[in-house]
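Peer 1: here's a sequence, model it:
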Amino acid sequence: MEHEIPREEYERIQGMIGDETSPVGIDAKKTHIIIIHKLISLEKRLARLEQERGLG
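Peer 2: Here you go, the predicted structure:
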């Protein structure tokens, strides 16, 4: 599966998670917090949509 990210969005995300002092080039803790936050947000949105459609 190919997923292209617009350059501006890529650079914005890189600016948020990048860490030049890390051996892998990112702040792993911050990266995981962002991912978990987004997943929680998606979960809430899905629950709301299911409720609105009488599916939940």
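Peer 1: and stretch 19-39, what's buried?
Peer 2: 26-27, 31 (16 or more other Cβ atoms under 10 Å). Bear in mind the C-beta positions are built from the backbone N, C-alpha and C, glycine included.
Peer 1: mind checking how far the residue nearest the centre of the chain is from D27?
Peer 2: Nearest to the mean C-alpha position of the chain, counting by Cα atoms, centre = their mean, stands I35 at 4.2 Å. Distance of I35 to D27, computed by Cβ to Cβ, to the nearest Å: 12 Å.
Peer 1: next one: L46
Peer 2: For L46, the distance to D27 - Cβ to Cβ - is 28 Å.
Peer 1: can you show me the helices along this structure?
Peer 2: Counting by DSSP state H, the chain has these helices, from start to end: 7-17, 28-52.
Peer 1: now do the shortest one: which elements does it pack against?
Peer 2: So the one you mean is helix 7-17. In terms of contacts (3 or more Cβ pairs under 8 Å, 6 or more residues apart in numbering; DSSP states H and E), helix 7-17 is packed against helix 28-52.
Peer 1: show me what the helix it packs on is packed against.
Peer 2: With contacts defined as 3+ Cβ pairs under 8 Å, 6+ apart, helix 28-52 has these neighbours: helix 7-17.
Peer 1: pull the residues that contact the helix it packs on.
Peer 2: With contact meaning Cβ atoms under 8 Å, 6 or more residues apart in numbering, helix 7-17 is reached by 5, 26-27, 30-31, 34.
Peer 1: mind listing what's buried along it?
Peer 2: In helix 7-17, counting by 16+ other Cβ under 10 Å, buried: I17.
Peer 1: just for this protein, where's the confidence low?
Peer 2: In the predicted model of the chain, residues 1, 56 satisfy pLDDT under 70.
Peer 1: hang on, the earlier thing: ok now do the residue nearest to the centre of the chain, which residues does it touch?
Peer 2: Counting by Cβ under 8 Å, 6+ apart, I35 has no contacts.
Peer 1: ok, it to R48 distance?
Peer 2: For I35 relative to R48 (Cβ to Cβ), the value is 21 Å.
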